[in-house]
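Q: got a predicted model here, sequence first, then my questions.
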Amino acid sequence: MFYKLLAALDRKVKFPEAQAHCDIPCGIYDPIVAQINALTVVRMLDLMADLDATTGDKLAYHNSMSRYIAVKEEHAEKAKHEIRVIFGDYIKAPHVEKYPELPTLVHKIMMAGSKVRQSTDRAAAVEFVELINKFAQIFWETKGISTKRAKAPYKPELELVYPNL
Amino acid sequence: MCRLLKVHGDSLIPDYQEGDFVLVSKIPFLFASPRPGQVIAFHMPPYGTLIKRVEQVLEGGHSFFVAGTHPLSVDSRQFGPVSRQALLGRVVWHIPKPG
């Protein structure tokens, strides 16, 4: 009876929640997965640009091109997914209070991720990497860990934000 | 000194389940420190308000290790001890969800 009464009141006034939080420990959150996915998008665009349609057989050309496009699509979506998970599961209200630009930044990443899927604009893909770098920098700051920028040790060798561990 | 909270999550199953209500109060802590086994609510940034079981009392009652019953509970193993200042109270009335 008490429960029914409280449940009815809860529907009206929404009692605060006490989290009996149960999850994989938050230490597994790491934006590097999104960063590498975004970097892969740039790499696929470079491979697409380098693919010569005038030599070799057409079948091989179409096979390679369609594979590059598929990987570009997949990794752009994976990058968006990783950012959504960190933003939804790790980022809490105090983080947003400290970094009020976060929601706008995440929205920009979502938009940029869609743009790189729709287009072959390399500059847009580089911007996608940069936006995720910015997210990574804030993410590590929330953990009190400083960051550095360094060239990724693989093509397309763009700069990524890494934690100083 | 008292507040009503709704339990969200499974880290204290089977004793406390998603949707249960708990009345927590600071009044018991005016007379005694939390003891192992007691269920407490506390504030823990960035997680917000959490409910866990006291596992170990440290520093003469100034801080506590807390734990859940679920193996994947997020508790003192991740965020360390809980200070006395962070306490919202002890569960003094548990109203479980029927069924």
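A: Received the coordinates, thanks.
Q: mind exporting the helix or strand hosting A:Ile36 as CSV, just the C-alpha atoms?
A: In this structure, A:Ile36 is located in helix A:32-50 according to DSSP states H and E. Once non-C-alpha atoms are left out, helix A:32-50 reads as follows in CSV (Å, rounded to 0.1, in the frame of the first residue of the first chain):
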residue,chain,number,x,y,z
ILE,A,32,41.3,7.2,-28.3
VAL,A,33,38.9,4.7,-30.0
ALA,A,34,36.9,7.6,-31.5
GLN,A,35,40.0,9.4,-32.4
ILE,A,36,41.4,6.4,-34.3
ASN,A,37,38.1,5.9,-36.0
ALA,A,38,38.0,9.5,-37.2
LEU,A,39,41.6,9.1,-38.4
THR,A,40,40.6,6.1,-40.4
VAL,A,41,38.0,8.2,-42.2
VAL,A,42,40.7,10.5,-43.4
ARG,A,43,42.8,7.6,-44.4
MET,A,44,40.0,6.1,-46.4
LEU,A,45,39.5,9.4,-48.3
ASP,A,46,43.2,9.5,-49.1
LEU,A,47,43.1,5.9,-50.4
MET,A,48,40.0,6.8,-52.4
ALA,A,49,41.7,9.8,-54.0
ASP,A,50,44.8,7.7,-54.8
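Q: can you name the element that comes right after that helix?
A: helix A:58-85.
Q: returning to what we had before: for the helix holding A:Ile36, give me every contacting residue.
A: Surrounding helix A:32-50, the residues in contact under the criterion CB atoms under 8 Å, 6 or more residues apart in numbering or on different chains are A:64-65, A:68-69, A:71-72, A:75-76, A:78-80, A:82-83, A:86, A:116, A:120, A:122, A:125-126, A:128-129, A:132-133, A:135-136, A:152, A:155-156, A:158, A:160-162. Where you see a C-beta, it was placed from the backbone N, CA and C, and this is true even at glycine.
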